[in-house]
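> Sequence plus predicted model, see below.
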Amino acid sequence: MAAGRALAALLAALLAASAHLLPPQASFTISLRPADNITVMIKQRPGVSPSCQIRVKNFIRSELKIKPGENVTFTFTYGGGTCSTPEKYFIMEIQKNIDCVSGPCPFGDVHLYPLGLPRLNRTFIWDVKASTKAGLELKFSTPWLRQIEPGEMCPDFISYNINSCIDKATVNIGTFCRNGSVSRVKLLGGVIMSLHLPWDSPLTTSGFNIANRASIKRLCIIESILKGESSITLMSPNYPLGFPEDELMTWEFVVPSNMRASVFFHNYSLSNCERKEQRVEYYLPGSLSNPEVFKLSSSQPANIAGSFNLSLQGCDQDAQNPGILRLLFQVVVQHPQIDENVTHLVDLSKEWNMTVTIHFEGWPNRVPLMSEPICLICKDPRTCDRVLTLVSGTIYKISFLCKDLSRLRITAEKDISCVDLRWCQRKIYSLSVPKAITQLPIRLHKFIWKLLAPDLINIEITSPSLKLQQHVPEQRCNTSYSYSIVSATPETGLNVGVFCPGGSIEKIQMRNNITISLKTFGKGFLNESNHQDLKMSFVPHIKDECTFTVRPDPKAKVYLQTPNWPYGLPPYVSISWYVVVPSKQVALLGFSKDRMGITCETGRAYVNIKEETLGAEETVRREDELLPKPRNMYHSFWVNISNCKPVDRTQLTLQFWVTFADKQIDLGMILGVVAGAGVVLAIGLTVCCVKKKKKSQNPMVGVYNANVNTEVPRKQNLFQKGRKNNESHVYAVIDDAMVYGHLLKESNGSVTPEVDVYRPFDGPMGSLPPSPPPLSFRKDIKRSSNTEEPLPLMDTDHDTYTFAHQKSGQSEDDGDTTEKNNGDTSMSLLENKEQDDLVE
């Protein structure tokens, strides 16, 4: 029996739907009773060509109006035939006028009448006229209504529009979709209610009824019933246009007592008031000061336990410049949080020029969806918001209304500036995150330091213990945080790069203002925050835009690259790196590509490499030359990269690397040093013996012997510089004990000793004495003497050489460098002897 009743009900519903939405047919008949006071209007759809027409009897029309008491039969025709899709060309309006001023109102459910209408997009309009001394109430059946912004479409294309009529003025209360929380709308005076249905909608009832109420003494009252966790958005009447002048309206929110509601103003503007004050008023549960008055610019109440009212009050506006008062706001209802009474102390009393913002993830670029769970930050039990900004110099006690604190983030910003270098040059600033932030149960997203330096004052960043590693493709950062460093100039910005702790860069010096952004990754920063050692100070002016001091780990391979990667150095920017090489190691320097890869439009681009030692050579490469091949660097060295103005579509981006190896001990060099020490010892002993003999001899005289061949045995053309071009054969005095003539006579010519003689010289002379052959050459001579004939004595020059000791520190050239000698690096043996005499 029950199944039979259900089947009968289903058939009745299907018959009703089929009676209301008739399929396309040859003709339609609409019969209107006079008492219904209904007018039907069929009009052409805007923006569509009038291909389909309306035929009434033998007359063709583009529009059709059927008045109360008329009975009209019509068809839709298309070029002499039947128009099978009239919904593409026509729309229909059904308007019912209800007069509640001169007679009783037909209160109760509102029906969709008449039946049997064509399948067209249609709008039902109920125009209710009522006195302003009385109020009308529109009560909606479930699932109630949801207000939408102008231009927004409902998912099912079914929408309601409510307009209030006071005298001759019409105010748009709002547009609503089905499935919401708005259950009732109370209005002062008349109302125009519209229901928009698409041509294929199966809706057979209006979904509301009209009731009579006493005067509400305000423009309207909108009631919203909120069950469970939910979020709704509401707007002031006429939004986005202005709220009526000096009007008052109220929203009533029905909230379960075990839930918490919070109000957020997302968009508002204010009018220019001559009298009164535009404001919002709250009636809050448990409040001893109802109504509580707030400005629209203030933070609105939050964490409200139970039902409450919100009213918007306008003012008397300036007639010449009225302005616009409008409001769009959100009400969020959620369960009370377990730790809502837990407060966190944030002490910023000792901080300067710092702001701390606690916000939802993605702020400020992303606006959270209304359907997303709400996380609130509260300064006090009633002052909560999705975003809360704390300023330095204050102590805060904050709490959170949030189920999942991992959805919240902290962004902080601190300014450090220097006006007088005499005061701030002596100060070192710590760039570490204060413990007041790290102790909060919220993840730090970013901490930004803005370092402001005037002209002729530069900024130095140091990391003494951890040092910094530059993030490059071959050497990626895998720490829980990193630093992004940007140098801001009046003309352009220079992105110095991304760095993380645990590298080899211990100092960075930069010109202009600097922005350092610490960004965290994951939860590990809480553990690593105690080890931060980044510091900054203000220093005098530097030459380059940026200078790095690099002290690599001897066991690691270090990659370094130019700033502004991969977009290239700005034109005419110069960057330098100073790489420290340990004394017992040698560095290998290499570039990741063989050319700079740019073409200069103006100026030249250079790569300069130079070791920091006396007399060091300098390697210079232009943009049109090959970069140096990997080379050994025996001392700390500089790498400088200077840009030109490149032609379009070419950018200067260079990367180089440095590795270390222990210095190899040269056995031959050690033997040479030992042999040299033995020679010096022998000379020392000889000098001591001679000095004893000198005490009984006559004063020293200079002797010239012209009969002796004084040429030292040597290879042909070993010394490129002739004897005529130096002064190594000139002596201030020769000890008379060292005259060798009588010794030669006693030997009868059987021995050809190597002697030094005095000869006056009048030709041109150079400024430096020649250097002796290298030790390796001498070893070669000694090694080859076992197999070759002795070299003949040359009779071209009778002056001997005075050999000099070569100073250490000369670097080896790999064949592709440009040498620049910077002074004399040798000392003659005679000078050594004279210094010994002075010491004695």
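That came through fine.

> distance between stretch 440-458 and the chain's centre?
Distance, stretch centre to chain centre, for stretch 440-458: 13 Å (CA atoms, centre = their mean, to the nearest Å).

> any idea of the mean pLDDT for it?
Model confidence over stretch 440-458, given as mean pLDDT, is 90.

> Make sure residue 120 is actually in contact with residue 93.
No. When contacts are counted by CB atoms under 8 Å, residue 120 is not listed as touching residue 93 (9.9 Å). In short, each C-beta sits where N, CA and C put it, glycine included.

> what's the neighbour count on residue 464?
10 (other CB atoms under 10 Å).

> next one: residue 103
Neighbourhood size, residue 103 [other CB under 10 Å]: 8.

> Next: residue 122.
By the other CB under 10 Å criterion, the neighbourhood of residue 122 contains 22 residues.

> what comes up buried for the helix or strand harbouring residue 358?
Assigned by DSSP states H and E, residue 358 belongs to strand 354-360. For strand 354-360, burial by neighbour count (16 or more other CB atoms under 10 Å) applies to 354-360.

> Switch those over to TSV; also include distance to residue 522.
Shown next, in TSV, are the buried residues of strand 354-360 (distance: CB to CB, whole Å):
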residue	distance to residue 522
354	24
355	25
356	21
357	21
358	19
359	19
360	19
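
> would you turn those into a markdown table with pLDDT?
Conversion of the buried residues of strand 354-360 to a markdown table gives the following (pLDDT from 0 to 100):
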| residue | pLDDT |
| --- | --- |
| 354 | 96 |
| 355 | 97 |
| 356 | 97 |
| 357 | 97 |
| 358 | 96 |
| 359 | 94 |
| 360 | 91 |
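
> Kindly indicate which of the residues you listed lies nearest residue 616.
Of all the buried residues of strand 354-360, residue 354 has the smallest distance to residue 616: 46.8 Å, by CB to CB.

> Show me what the closest one is bridged to.
Beta bridges link residue 354 to residue 414 when assigned by DSSP bridges.

> do residue 494 as well
residue 487.

> which SS state does the nearest residue to residue 264 once chain neighbours are set aside fall under?
On the basis of CB to CB, 6 or more residues apart in numbering, the spatially nearest residue to residue 264 that is not a chain neighbour turns out to be residue 330, at 4.6 Å. For residue 330, the assignment made with DSSP: H, G, I helix; E, B strand; the rest coil gives strand.

> Just give me the neighbour total for residue 330.
Neighbour count of residue 330, defined by other CB under 10 Å: 17.

> What of residue 194?
Applying other CB under 10 Å, we find 17 residues neighbouring residue 194.

> Over to residue 649?
Should you count by other CB under 10 Å, residue 649 turns out to have 7 residues around it.

> can I assume it sits in a helix?
No. Assigned with three-state DSSP, residue 649 falls outside any helix and is coil.

> And it, how far from residue 546?
25 Å (CB to CB, to the nearest Å).

> Check residue 590 too.
In this structure, residue 590 and residue 546 are 22 Å apart, going by CB to CB.

> Looking at these two, which is more packed in?
Relative neighbour count places residue 546 above the other of residue 590 and residue 546, with 25 against 14, counting by other CB under 10 Å.

> Find me the pLDDT at that one, would you?
Taken from the predicted model, the pLDDT recorded for residue 546 is 92.

> pLDDT averaged over stretch 313-330, what's the number?
The model assigns stretch 313-330 a mean pLDDT of 94.

> Output that stretch as CSV - backbone C-alpha positions only.
Backbone C-alpha positions of stretch 313-330 (Å, rounded to 0.1, in the frame of the first residue of the first chain) are rendered in CSV as follows:
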residue,chain,number,x,y,z
GLN,A,313,24.5,53.2,9.7
GLY,A,314,25.0,55.9,7.0
CYS,A,315,25.3,59.7,7.4
ASP,A,316,24.1,62.9,5.8
GLN,A,317,26.4,63.2,2.9
ASP,A,318,28.1,66.3,1.3
ALA,A,319,25.8,67.4,-1.6
GLN,A,320,28.8,68.5,-3.7
ASN,A,321,30.9,65.4,-3.1
PRO,A,322,28.9,62.7,-1.5
GLY,A,323,31.3,59.8,-1.9
ILE,A,324,30.2,56.1,-1.7
LEU,A,325,29.5,54.1,1.4
ARG,A,326,29.6,50.4,0.6
LEU,A,327,30.6,47.2,2.4
LEU,A,328,31.4,43.6,1.6
PHE,A,329,32.1,41.3,4.5
GLN,A,330,32.4,37.7,5.6
